[in-house]
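Colleague: Sequence first, then the predicted structure, then my questions.
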Amino acid sequence: MDKEVTYRVGIPVMGPRGETLGRLEKVLLTESRHLVTGLIVRALESLHILPLDRVTEVSASEIRTTVLPEEFHGFPVFDPTQYEEVPPWFFPPGHHIELGALVTIKPLDVREQGEHEAMSRRAFMGRSVAIVAAAIGVSLLVPIGGYIMAAATTPMKDSWRELGVKLQDLPFDEPVGHSFRAVSVSGWMRVPEEKSVWLIRHSGASDPASEPEDQVLGLDSPLELKDSDPRLTVLSPICPHLGCEPQWHKGQKLFICPCHHSIYQLNGKRIGGPAPRPMDTLPARIADDGAISVIYEQFAIGIAAKKRLA
Amino acid sequence: MGHKIFAYLDERIRISSLMGFLLNEPIPGGSRWAYIPGSMVFFVLILQFVTGMMLAFYYGGTPDHAWDSVNYIDHLTYNGVAVGRLIRGIHYWGSSIMVIAVGIHLLQVFLWGAYKRPREIMWLVGVLLLALTMTASFSGYLLPWDERAYWGTIVGTNMIGLVPFVGEVIKDAIRGGVGLGALTLSHFFTLHTMILPTLFILFVLLHMVIFRRVGPAGPFSGSPEKLEATKDTFYPRQVLMDSFGMLAIFIVILALAVLRPPGLESVANPSNAAYSPTPAWYFDWIFELLKLIRPEIVGVVGLPVMIAIVLVFLPFVDRKPVRSPFRRPISVLSTLFVLSAMLGLSIMAENGYKKLVDVDRVAMVRGQGVFNTAGCIGCHTLFGKGGKVGPDLSEEGLVGHSEHWLTVQFLNSKAHFPDSIMPDFTYLTPQQQHDLAMYISSLGRMGWPDPTKTP
């Protein structure tokens, strides 16, 4: 079987008495042994397989087999799951299967030779498809990622909000929960809503117990440091543990969060419970007439750092 | 690693056999560029799905928020890139390009005679998908809730109302009442984002299942032996050609979205009787034809019904097996005639529309300064503010006055309105006249406030 064999695809395949069995359709290989094992012959009614050892004579014009017509009818109808077809791309360039074309195959190294070139062409096309798909995918997914993040990263402007309350009207060393009207912005919608802050007026400006714990621990941002006043501390009503609202307990002089019992002192210092940091101070300004304005900042909850949201 | 994952999955869900089934589909006669339109339509449909989902992320489907939300999307930026306008642009131009791609696909199937036995059912499903595409375009038109959307839908639904016996009922059911309002918008949004995508997925799948059952038609000429001998598998050559087609159509859509982003007219104003609505360009030929046909009912009902009848019954009437377009001169020539008639009518319609001035945005900004310093606001109302002596100018840009008309109006308004009491602003320099004309032409069309900037 090591001699070079020439097949002519589409030529008549004849039996020993010269009768036409059908036309040569395809060449068969076995997957494991890398051998050409048979021919597929198209007869009028269906495709048939002829084992290659039945082929006795090969010429440029015909393939003869020793198969008798009776035997031929016993051959299995072509079943693609049992054999590997030799598809057109299998053949080296210039050797496409066309009607009447000559195709040369060396049986022993057919896979190594033909497959290598065919596979490289096939792989090249496969890679090209992947590159085109990646180009489309990336140029679509990148803007989509930005689009999704765009709303999330729209910067919020710091807006000073006058609370309508004056410093001189507040009691000393006693937190006052003050509600005010604000506007909540979500994308294209603006909804009026009620917000609240704790206002704490200090009796002694130099009293260490009244210094906000955030300043003591150095958690404040430049904005909060710049807009702070020793006469007043403004605390966010949101518990830095999980976002509940601590309540002021007059008798104990403590803020206690009803959800998980985080306990804070007047200056926001945490003295008990699971909260990771003190209550958050907010930037505040006091006008000459005592009118108080704040920036209602919000911070990430559950972490030790005082990290501002957006 | 990749090999191991593949082997693991292959053992359990038989990927390689599935991929083999999907990719090794034989194409008689080999791969051709002529076969790519179907894949291009499929690609644009997926593009519409993806960008449509993105738009729904930020869209508010009620009349008091829809326009605001679309304006918000138009102003969304990420690191300075106008991503919102880009996504909306892709969806906007994708719908136009999809209509074109569907048309080309239909024409190719028709010319190749690929609708003939045994592919009649596949053709029918395709005709249904064409109807879905047109319905999607029509229902999406309303969603921005601007003047064009509102009045276009008024006319479109009124046309449905002309259908004898059932028209009124269907029209009111679609609108959710006699008038166009909140329920109409909800109905159209539901139709556009839930019902149509479901039907699209269902029938595109059916279209493809039938395609794989019956196989590709292949070229219209050539002996069976020749086609068999030159047959190729779907992968890789045809897949590569298809992907190039998809890339090309993607680049076209992207370029249109960047270079000509969709506009947003002022919010729907049911009392603006002066607005003259124009349809989407692919309905232009119907628009023009309706002007020629009397009574309207013949055009409104007769035309779509006639098209539907021709498309639905084509494979059952035309049963000769001959597929080559060169041997079917009558059907091919009559199709070409209909196509050129549609093209001619569309051009006539486009020429008949009032051309809005192409606004130069730089001059527009300067013109706003001229508007403010010249004291126009003393007599004219703009977005709810200003005097009541002259007409409200909030939507003046939609009227369609030319720059020349506007300039004459500034300098000598009595030339247009003999009784006009408007002063002659003859001191305006030619540059200022141009800038002011640009600003006036932009009113009601662009330059909306940026809602992503907190005031």
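Modeller: Looks like it came in fine.
Colleague: from here on, contacts and neighbour counts on C-alpha atoms
Modeller: Will do.
Colleague: what about the stretch 201-310 of chain A, any weak spots by pLDDT?
Modeller: The model of the stretch 201-310 of chain A has pLDDT under 70 over residues A:205-209, A:310.
Colleague: which residue ranges form the strands in it?
Modeller: All strands of the stretch 201-310 of chain A, identified by DSSP state E, counting those that start in this stretch, fall at A:232-235, A:247-249, A:254-256, A:263-264, A:270-272, A:284-286, A:291-294.
Colleague: who wins for proximity to chain B among those?
Modeller: When the strands of the stretch 201-310 of chain A are compared by C-alpha to the nearest C-alpha, strand A:291-294 sits nearest chain B, at 16.6 Å.
Colleague: what does that closest one rub up against?
Modeller: A:160-167, A:234, A:282-286 (C-alpha atoms under 8 Å, 6 or more residues apart in numbering or on different chains).
Colleague: where do the helices sit along the stretch 151-300 of chain A?
Modeller: Secondary structure of the stretch 151-300 of chain A (DSSP state H, counting those that start in this stretch): helices located at A:213-217, A:222-226.
Colleague: try the stretch 101-250 of chain B
Modeller: B:120-142, B:147-161, B:167-175, B:182-190, B:196-214, B:224-229, B:239-259.
Colleague: Quick one: closest of these to A:V129.
Modeller: Of all those, it is helix B:239-259 that lies closest to A:V129, at 5.3 Å by C-alpha to C-alpha.
Colleague: Would that closest one count as contacting chain A?
Modeller: Yes. Shown here: helix B:239-259 in contact with chain A (C-alpha under 8 Å from any C-alpha of the partner chain) through B:239-240, B:243-244, B:247, B:250.
Colleague: tell me which of these is nearest to chain A?
Modeller: Looking across these and measuring by C-alpha to the nearest C-alpha, the closest to chain A is B:L240, at 5.3 Å.
Colleague: weakest of the helices of the stretch 101-250 of chain B by average pLDDT?
Modeller: Ranked by mean pLDDT, those end with helix B:224-229 in last place, scoring a mean of 76.
Colleague: So which bits of that one are buried?
Modeller: Buried residues in helix B:224-229, defined by neighbour count with 16 or more other C-alpha atoms under 10 Å in any protein chain shown: B:227-229.
Colleague: which among the residues you listed are in contact with chain A?
Modeller: B:A229.
Colleague: just for chain B, where's the confidence low?
Modeller: For chain B, the stretches flagged by pLDDT under 70 are B:454-455.
Colleague: So which residues on it come close to chain A?
Modeller: If contact is defined as C-alpha under 8 Å from any C-alpha, the residues of chain B in contact with chain A are B:54, B:58, B:65, B:68-69, B:72, B:76-78, B:83-84, B:86-87, B:226, B:229-232, B:236-237, B:239-240, B:243-244, B:247, B:250, B:451-455.
Colleague: In strands only, show me those.
Modeller: The strands, defined by DSSP state E, take in B:D232 from the residues of chain B next to chain A.
Colleague: Make a ChimeraX selection of the buried ones in the residues of chain B next to chain A.
Modeller: Burial among the residues of chain B next to chain A is assessed by 16+ other C-alpha under 10 Å; the matching ChimeraX selection reads:
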select /B:54,58,65,68,69,72,76,77,78,83,84,86,87,229,230,231,232,236,237,239,240,243,244,247,250,451,452
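Colleague: Buried residues in the helix or strand where A:V129 lies, which are they?
Modeller: If you go by DSSP states H and E, A:V129 is part of helix A:116-152. Residues of helix A:116-152 classed as buried: A:117-118, A:121-122, A:125-126, A:128-129, A:132-133, A:136, A:140, A:143-144, A:146-148, A:150-151 (neighbour count, 16+ other C-alpha under 10 Å).
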